[in-house]
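K.L.:
pasting the sequence and the predicted coordinates here, then a few questions.
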Amino acid sequence: MSVVLVVSMALIALCILWLPTYSMALLLRGLGVAGSFAGLRVIMPLQLLAVVVTGWLAHQLGLANPAGYVLAILLASSFVGVFIVWRRRHRGV
């Protein structure tokens, strides 16, 4: 595999993972919610950690379709990040 392919796949995976979460923070900032970016320093690295750990766990379990389960893990983790950012809007943190 060439280095360009690996780097581009990693960038696409990070866009799938982090773009919806960051977009929700931008939306909340546009709506006037104070501190909408406050939790992103914690949420985004935890999303990446969750994807790596669950991907490794799925590989160890011997699941048959690596592209499928990695994409499903990326999307699920992304939606959880969006949900967390959305739920934090009431705390004012």
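P.N.:
Thanks, I have the structure now.
K.L.:
so where is this protein shaky, pLDDT-wise?
P.N.:
Scanning the chain with the threshold set as pLDDT under 70 gives 91-93.
K.L.:
measure L26 to F37 for me?
P.N.:
For L26, the distance to F37 (CB to CB, to the nearest Å) stands at 9 Å. From N, CA and C alone the C-beta is placed, and that goes for glycine too.
K.L.:
which residue packs closest to L74, ignoring adjacent ones?
P.N.:
I16 (4.8 Å; CB to CB, 6 or more residues apart in numbering).
K.L.:
what residues sit buried inside whichever strand or helix holds the one you found?
P.N.:
Per DSSP states H and E: I16 is located in helix 3-30. Within helix 3-30, the residues that count as buried by 16 or more other CB atoms under 10 Å are 13, 16-18, 20-22, 24-25, 28.
K.L.:
spit out the contact partners of S78.
P.N.:
Counting by CB atoms under 8 Å, 6 or more residues apart in numbering, S78 touches 16-21, 47.
K.L.:
ok, 6 Å please
P.N.:
By CB atoms under 6 Å, 6 or more residues apart in numbering, S78 lies in contact with 17, 20.
K.L.:
repeat that for V7.
P.N.:
V7 neighbours (CB under 6 Å, 6+ apart): none.
K.L.:
roughly how far does it sit from A38?
P.N.:
Going from V7 to A38 by CB to CB gives 31 Å.
K.L.:
now render the buried residues of helix 3-30 as CSV, adding distance to L57.
P.N.:
Shown next, in CSV, are the buried residues of helix 3-30 (distance: CB to CB, whole Å):
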residue, distance to L57
A13, 17
I16, 19
L17, 17
W18, 21
P20, 23
T21, 22
Y22, 26
M24, 27
A25, 28
L28, 32
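K.L.:
out of the residues you listed, which one sits closest to V70?
P.N.:
Nearest to V70 among the buried residues of helix 3-30, counting by CB to CB, is A13 at 7.6 Å.
K.L.:
in space, what's closest to the closest one - neighbours in sequence excluded?
P.N.:
A13 sits nearest to L74 (CB to CB, 6+ apart), 6.0 Å away.
K.L.:
run through the residues that contact the most centrally placed residue in the chain.
P.N.:
Centroid check for the chain by CA atoms, centre = their mean gives L17 as the closest residue, at 3.2 Å. Contacts for L17 (CB under 6 Å, 6+ apart) come out as 47, 74, 78.
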